[in-house]
Structures are given as structure tokens and as C-alpha cells.
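# quick one, structure for this:
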Amino acid sequence: MQEYVHSLLREETFPLVYKGIKVRSVKKERDRSAKRKKTLLKAFAQTTGSKVSFKRVTAKAPDADVQVRAKPDRTEIVVSNAEKMPVKKGQRDLATSLFAIFEVAIQEKGVEKQREVFRQLVVDLLSSTW
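Residues are numbered from 1 along each chain as shown. Presented below is the predicted three-dimensional model:
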């Protein structure tokens, strides 16, 4: 009887529980990522004064990359291979955001303006509920 109960728990109950935990974790991660992306785009829009779009792509490059492309009607942030970024999974969004902020800041003319834009974007990003 005891063997039957243990096998039932091990093979049917616990796998369902763990599967449920994984589903909840993935959903929470997706929600957090969407919220963080929205916060980043809002900070960019406030600082740059233009519309901003975000795009994730998978490239054949060996490492992660963040590029900011200025288009006539908007600024586009392109993140490629974010999963290859050499940081912990939980810090991937923050690292990507900081690289994007840096890319936007260095497009400004003059070192002082670059610093000002970088500081403002980082403060806007971190002052929200990150």
C-alpha cells in the first residue's frame, strides 16, 4: 500500500505540481519582461522626444548585441541574441536596457550632452518600478 501511494505521488502528483510551477514562472517572467520593456520605451520617449520601438531578433552572431537605429519617424532598439548575454538570466533585461541607453547616449553630440542623456535615461529607468 505504501509503495503504491509513493509511486502515485512521485509519478502523477508531483510532476503536475512542478509543471504548474514552471507555467506560472514563465508567465511571471513574460509579464515582468513586458513591464520592463514598456518602462524602457517610456524613458526613451520622454528623453528623446520621438517614438520608440523595440525589436528582438535572433542572429547568427556568437554574442549578444544591442543597436539603436534612427528612422525618420521613430527610433528603433534592436536586441539580438539576448539569451547569449553573459549575465544571469534575471539581470538580462537590465543589462540589455543599459546597453541600449548607452547606445542612445553616444549618438548625442558632445561629451557633456552624452553624459546628461545617459544619466537621465538611467535615472528614469531605475526610478520606475524596475
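# leaving out chain neighbours, which residue sits closest to the residue nearest in space to the middle of the chain?
Relative to the mean C-alpha position of the chain, the nearest C-alpha, by Cα atoms, centre = their mean, is the one of D93, at 2.8 Å. Distances taken as Cβ to Cβ, 6 or more residues apart in numbering place R36 nearest to D93, at 4.6 Å, with adjacent residues excluded. Every C-beta, even on glycine, is put in place using the N, C-alpha and C of the backbone.
# isn't the one you found up against T96?
No. In this structure, R36 sits apart from T96 without contact. The criterion is Cβ atoms under 8 Å, and the distance is 9.0 Å.
# quick one: which of those two has more around it?
Taking other Cβ atoms under 10 Å, R36 and T96 do not tie; T96 has more neighbours (24 against 19).
# looking at this, F54 is in a helix?
No. The assignment for F54 (DSSP: H, G, I helix; E, B strand; the rest coil) gives strand, which keeps it out of a helix.
# settle this for me: it is touching R74, isn't it.
No. With contact defined as Cβ under 8 Å, F54 does not count as touching R74 (10.6 Å).
# quick one: which of the two has more around it?
Under the neighbour definition other Cβ under 10 Å, F54 and R74 were set side by side, and F54 has more, 16 against 13.
# residue contacts, that one?
For F54, the contact set (Cβ atoms under 8 Å, 6 or more residues apart in numbering) comprises K37, L40, L41, E76, I77, V79.
# list the beta-bridge partners for it.
For F54, the beta-bridge partners under DSSP bridges are I77.
# check what pLDDT it gets.
Reading off the confidence values, F54 has pLDDT 81.
# and the longest helix for the chain?
When every helix of the chain is counted residue by residue (DSSP state H), the longest turns out to be helix 14-48.
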